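1. the following block contains a protein sequence and its predicted model.
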Amino acid sequence: MKIEFYEEFSNKENLDKLKLIKFKTRLFIAAKSLKEFQKFEEQSKKIKKDLEVAYWPIVQNSYWISPFSNKEDLIELFNELNGIKNHLLIDLELPLRKRWSMYIKNIFHFRQNKKLITKFIEKNKKRITTAEYVRGAYSNYARFLGLDYNIKVEKSLMFYSSCISEEDAKKWKQKIFQIKDKITYSISLGTIATGILGNEPILSPKNLEKDLEFVKRAGFDKVIIFRLGGLNKEYMKIINKFT
């Protein structure tokens with residue numbers, strides 16, 4: 001199984017966790033600008049020379065990418081991304097902050113923004129991974145909202161079992177099992193460290209092992225773990241069983 005990682009906060013302490021990883025991997029680095037990303041990329045490759053680094057762009061004002069982002073922010077972002085060759089993470093989620101004001105402000109730009117996102121993903125589909133909600137897979141509702149696109153890219157479904165109830169986990173597992181195209185999809189697991197919300201429940205090493213076993217049993221050969229900064233020797237003992 002191929003195992004990759006997200007890192008939302010690329011400080012020295014978190015990037016130093018790369019020293020624990022002995023296998024070849026890819027790291028999705030969140031950054032607020034191309035300049036910031038390139039700084040983090042350089043720092044991370046000094047720690048692990050065979051590392052592949054992908055850019056996870058943070059969108060001004062909305063944080064994540066959706067048709068409810070500001071049109072000018074999307075245009076600025078996509079123009080910037082067209083200038084680099086790195087693999088990209090397009091994190092398709094509703095706005096993080098001031099959600100209702102973003103909805104109201106951008107409802108009249110919704111269709112235009114959706115076209116902008118569609119055009120960019122279609123043009124760059126060979127170098128894009130999209131992060132998407134599990135409940136949105138194959139969902140017309142998710143496609144209407146611009147949280148899923150009928151474009152053949154790698155789609156990583158965010159199955160963060162530590163953040164959902166046992167009942168929801170069962171439903172999401174069923175949905176994941178129903179996916180026929182195992183090659184197009186990967187599964188995101190976690191969370192083994194808190195993210196931007198600051199209150200995400202932590203997945204124990206024992207439960208990470210259960211989730212990795214589930215992904216393997218479901219027929220997928222790639223996972224992306226959120227996030228690098230949570231790694232320790234105990235997690236690595238589990239992860240190394242699957243690589």
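-> Looks like it came in fine. These figures come from a predicted structure and were not determined experimentally. Numbers count the residues shown, from 1 in each chain.
2. which residue packs closest to the residue most central in space within the chain, ignoring adjacent ones?
-> Geometric centre of the chain, nearest residue: Ala131, 4.1 Å, by Cα atoms, centre = their mean. Nearest residue to Ala131 in three dimensions, chain neighbours excluded: Asp91, at 4.5 Å (Cβ to Cβ, 6 or more residues apart in numbering). C-beta coordinates here come from the backbone N, C-alpha and C atoms, glycine included.
3. doesn't that neighbour fall inside a strand?
-> Yes: per DSSP: H, G, I helix; E, B strand; the rest coil, Asp91 lies within a strand segment.
4. and it, how far is that from Ser156?
-> Distance of Asp91 to Ser156, given as Cβ to Cβ, to the nearest Å: 10 Å.
5. then Met236?
-> 21 Å.
6. looking at these two, which is more packed in?
-> Ser156 (23 against 16; other Cβ atoms under 10 Å).
7. that one against Glu132, yeah?
-> Yes: using Cβ atoms under 8 Å, Ser156 is in contact with Glu132, at 7.1 Å.
8. could I get the CA-only coordinates of the helix or strand of the chain with the lowest mean pLDDT as PDB?
-> The helix or strand with the lowest mean pLDDT-type score in the chain, counting by mean pLDDT, DSSP states H and E, is helix 140-145 (a mean of 90). Extracted C-alpha coordinates of helix 140-145, given in PDB (Å, rounded to 0.1, in the frame of the first residue of the first chain):
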ATOM      1  CA  ASN A 140     -25.600  14.800  -7.300                       C
ATOM      2  CA  TYR A 141     -26.000  17.200  -4.400                       C
ATOM      3  CA  ALA A 142     -22.200  17.400  -4.000                       C
ATOM      4  CA  ARG A 143     -21.800  18.000  -7.700                       C
ATOM      5  CA  PHE A 144     -24.400  20.700  -7.600                       C
ATOM      6  CA  LEU A 145     -22.600  22.500  -4.800                       C
END
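9. identify the residues contacting that helix?
-> By Cβ atoms under 8 Å, 6 or more residues apart in numbering, the surrounding residues in contact with helix 140-145 are Ser66, Pro67, Leu94, Glu132, Tyr133, Arg135, Gly136, Asp148, Tyr149, Asn150.
10. one more: stretch 24-34?
-> With Cβ under 8 Å, 6+ apart as the criterion, stretch 24-34 contacts 2-10, 18, 37, 40-41, 44, 50-58, 60, 80-81, 83-84, 87, 89, 129, 224, 228.
11. give me the subset of those residues lying in helices.
-> Phe37, Phe40, Glu41, Ser44, Glu80, Leu81 (DSSP state H).
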